[in-house]
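Visitor: the sequence and its predicted three-dimensional model are supplied below.
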Amino acid sequence: MNLFLQPRAQPLVIAHRGASAHAPENTLAAFQLAAEQGADAIELDVDLTRDGQAIIMHDATIDRTTDGTGAVHELTLEEIRRVDAGAWKGAAFKGERVPLLAEVFATLGQRVLINVEVKNLSLRSNGVETQVAALVQQHHLFERVIISSFNPLALRRIKHHEPRLACGLLVAPDLPVYLRHAWLAPLIPHLDARHPHHSQVNQALVEQWRARGQRVNVWTVNEAATLRAMTQAGVDGIIGDDPILMRQTLEQAG
C-alpha cells in the first residue's frame, strides 16, 4: 500500500520544495536537509526541458531561483545545468544545481516519501506524466510517491497510463470556481487524495473526503497556530517550508 495513504496518529510532515525555509527550494540541498530535520516527506515540482528531461523547477522560468534566465521549455538540460540554483539563498549554497527528478529519486527515494507536483496545466500532455510514471517504475517507488497537480486532466492521464500511481488533486482559493471546488475531480479514476490550501479545510470537509476513501494533505502551512488547527481538523499530511517548526509543533500537540 502507498505509504501516503496509510492511516497514522499524526499528520505527515511534508517539506515544501524541501526545507525551503533554510535552503534553496527544489534543490538536493533542500531535500537532504528536510530529511535531516525530520520530515516524513518532501514536496517538489517537475517540468520538462526543451529536450524532454524531467527537472525540478516550480516556475515556468528559471529567473527567480537561479542566476540564469529563460523559460524551462525553451532551455535544454545542458543549459539549465550550467546555472547556479543556490547562491541566491546564501553563499553556503553556491554551486547548487537544478536537479533531475531521477537524481532525487536515486538520492532520497528510500529516505523520505516524495510528493511530485506535475506542472503541466494544459489540456494536452507535453509528456511529463509518462516521464514521471516511468521514473517511479524504474526506481521502484510506487509505494513511496504520490503525484499531485492543479490540472485534473493531468492526473486523469497519469491514472490511465499507470493506475498504480497514487494521485492527489491540488486546489487553491484563487483558482476559477470549477477548479477551486474541484468540479472535475470525478474525471480522475480512483482519486486517492485531496491537496487543498489550508484555508479551504475544516473538519467536516476532511470527514467528507475521508468517507470517499481520500486522504487530505494541506499546503502551505508555516505558522504554529495553523499547524495545530489542521491537526485538530484531522488532516493526513501538512506541507510547509520549515520541517523543524512543523515537527516541534506536532510533538507539542501530542
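Guide: Yes, it's here.

Visitor: the strand or helix carrying residue 147 pairs with which strands, parallel or anti?
Guide: Following DSSP states H and E, one finds residue 147 within strand 145-149. Strand pairing for strand 145-149, using DSSP bridges, gives strand 113-118 (parallel), strand 166-171 (parallel).

Visitor: any idea how far the first one is from the middle of the chain?
Guide: Same thing as strand 113-118. Offset of strand 113-118 from its chain centre (Cα atoms, centre = their mean, to the nearest Å): 4 Å.

Visitor: could I have the CA atoms of that strand written out in PDB?
Guide: The C-alpha coordinates for strand 113-118 follow below in PDB (Å, rounded to 0.1, in the frame of the first residue of the first chain):
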ATOM      1  CA  LEU A 113       8.300   9.900   0.800                       C
ATOM      2  CA  ILE A 114       8.000  12.100  -2.200                       C
ATOM      3  CA  ASN A 115       5.100  14.300  -3.400                       C
ATOM      4  CA  VAL A 116       5.700  15.100  -7.100                       C
ATOM      5  CA  GLU A 117       3.700  18.000  -8.400                       C
ATOM      6  CA  VAL A 118       3.300  17.900 -12.200                       C
END
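
Visitor: show me the contact partners of that strand.
Guide: If you take Cβ atoms under 8 Å, 6 or more residues apart in numbering as the criterion, strand 113-118 is touched by 3-4, 12, 14, 40-46, 101, 104-105, 108, 128-129, 132, 141, 144-149, 151, 154-155, 158, 168, 170, 217, 239. Every residue, glycine included, has its C-beta placed from N, CA and C.

Visitor: in ChimeraX, how would I select just the buried ones from these?
Guide: Buried residues among these (16 or more other Cβ atoms under 10 Å), as a ChimeraX selection:
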select :4,12,14,40,41,42,43,44,45,46,101,104,105,108,128,129,132,141,144,145,146,147,148,149,151,154,155,158,168,170,217,239
